[in-house]
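Asker: coords please:
(one chain, ligands or ions: 1)
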Amino acid sequence: MQVLRCGRFRLELDRPHIMAIVNVTPDSFSGDGLGRDLDTAVRRAQAAVDAGADLLDVGGESTRPGSEPVSEQEELDRVIPLVERLADWAVPVSVDTFKPAVMRESLRAGASLINDINAFRAPGAVDAVRDSEAALCVMHMQGEPRGMQSDPRYDDVVAEVIEFLDDRVRALADEGVARDRILLDPGFGFGKTLEHNLALFRALDRIVAQDYPLLVGVSRKSMIGAITGRPVGERVHGSVAAALLAVGRGARIVRVHDVAATRDALKVWQAVTGIPT
Ligand SMILES: Nc1nc2ncc(COP(=O)(O)OP(=O)(O)O)nc2c(=O)[nH]1
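Answerer: Take a look at the predicted model:
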């Protein structure tokens with residue numbers, strides 16, 4: 001059984017887990033950003049937990065392609081008050097950030113997981129998380145959100161993503177980060193064309209073979225839109241299908257906007273496969 005150390009929690013990953021997206025942003029690509037309205041964000045988080053979310057991922061800066069950077073203080077002002085409100089809930093709170101100062105303050109406020117699309121490469125990022133008990137999600141991205149989709153290129157996207165993740169995990173291990181805190185994520189849509197995303201999806205089992213829990217985030221993304229022809233607000237069916245396919249290939253955490261739909265789909269998948277709910 002894979003157990004992920006996640007702050008004061010121990011996640012037993014023999015069954016798939018749902019990470020609910022709680023974006024306190026004005027400009028998230030999916031249009032679900034809650035801006036700075038704290039009470040609305042708390043209600044959204046509660047609804048996600050009621051619908052079956054196992055974790056909450058709080059994001060204060062949109063990382064959609066072409067997004068404009070947000071200042072450290074603005075991100076702190078958006079994220080920390082919400083983390084403080086959620087910190088004693090019965091589910092782990094994750095914070096989606098690549099800024100070391102936001103990582104540090106989030107941990108101080110009670111976050112149990114740091115979700116870094118930049119794989120803890122920023123100067124000071126490893127220092128910010130090394131001595132905590134928090135889980136760390138290490139994600140692959142080619143380039144930066146502002147320009148990553150302009151012309152992503154790989155010789156072998158699967159091999160290069162695996163090599164990148166291996167390198168980052170080794171860097172964290174060299175700094176003393178225990179392996180039971182680490183999650184991997186191929187970073188769908190982060191410097192990838194549709195073909196790159198599909199190649200990675202088909203090879204998820206090879207990433208799983210790296211023997212770290214795998215997190216997958218494809219919810220409502222452009223790859224779902226490209227395949228289904230649906231606009232961002234009508235991608236729940238495609239997103240749920242992708243989540244099931246990812247779980248069937250070994251992903252153990254799916255990062256989603258539509259918790260209830262994903263939860264029902266996973267219940268059916270678990271009933272058929274005999275994996276405990
Ligand atoms: N680990 C991980 N983190 C992520 N954070 C943001 C987004 C982008 O999605 P979203 O948060 O819905 O949009 P935005 O960044 O525009 O708020 N995708 C991932 C992902 O695939 N994996």
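Asker: Let me see the mean pLDDT of stretch 8-22.
Answerer: Taken as a whole, stretch 8-22 has a mean pLDDT of 96.
Asker: do that stretch and the ligand meet at all?
Answerer: Yes: against the ligand, stretch 8-22 shows contacts by CB under 6 Å from any ligand atom at Ile21. From N, CA and C alone the C-beta is placed, and that goes for glycine too.
Asker: How about the residues of the protein by the ligand?
Answerer: Checking the chain against the ligand by CB under 6 Å from any ligand atom, the hits are 21, 23, 25, 28-30, 59, 62-64, 96, 115, 117, 137, 139, 185, 187-188, 215, 217, 255.
Asker: What about the residues you listed, which are in strands?
Answerer: Ile21, Asn23, Gly59, Asp96, Asn115, Cys137, Met139, Asp185, Leu215, Arg255 (DSSP state E).
Asker: any idea how far Ala134 is from Gly7?
Answerer: 5 Å (CB to CB, to the nearest Å).
Asker: Show me whatever sits in contact with both of these two.
Answerer: Counting by CB atoms under 8 Å, 6 or more residues apart in numbering, the contacts common to Ala134 and Gly7 are Ala111, Ser112, Leu113.
Asker: Make TSV out of the residues you listed and add secondary structure.
Answerer: Shown next, in TSV, are the shared contacts of Ala134 and Gly7 (DSSP: H, G, I helix; E, B strand; the rest coil):
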residue	secondary structure
Ala111	coil
Ser112	coil
Leu113	strand
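Asker: between those residues, which is closest to Pro145?
Answerer: Leu113 (20.4 Å; CB to CB).
Asker: Quick one: the helices in this protein, in order.
Answerer: Here the chain has its helices, by DSSP state H, at 38-50, 72-86, 100-109, 125-129, 157-174, 194-202, 204-208, 222-228, 236-248, 259-273.
Asker: And for the third one, what's in contact with it?
Answerer: Which is helix 100-109. Contacts of helix 100-109 (CB under 8 Å, 6+ apart): 58, 60, 72, 75-76, 79-80, 83-84, 87, 95, 97, 114, 116, 122-125, 127-129, 132, 134.
Asker: what ranges of the protein fall below the confidence cut-off?
Answerer: Applying pLDDT under 70 to the chain flags residues 28-29, 31, 33-36.
Asker: neighbours of the residue in it that the ligand sits nearest to, just the number please.
Answerer: Proximity of the chain to the ligand (CB to the nearest ligand atom) peaks at Gly217, 2.4 Å away. Taking other CB atoms under 10 Å as the criterion, the count of residues near Gly217 is 29.
Asker: again, but for the one 5 residues further on
Answerer: Residues contacting Ser222 under the criterion other CB under 10 Å number 19.
Asker: next one: Glu105
Answerer: 21.
Asker: what do you get for Ala261?
Answerer: Residues lying near Ala261 (other CB under 10 Å) number 16.
Asker: who's in contact with it?
Answerer: Neighbour list for Ala261: Val236, His237, Ser239, Val240 [criterion: CB under 8 Å, 6+ apart].
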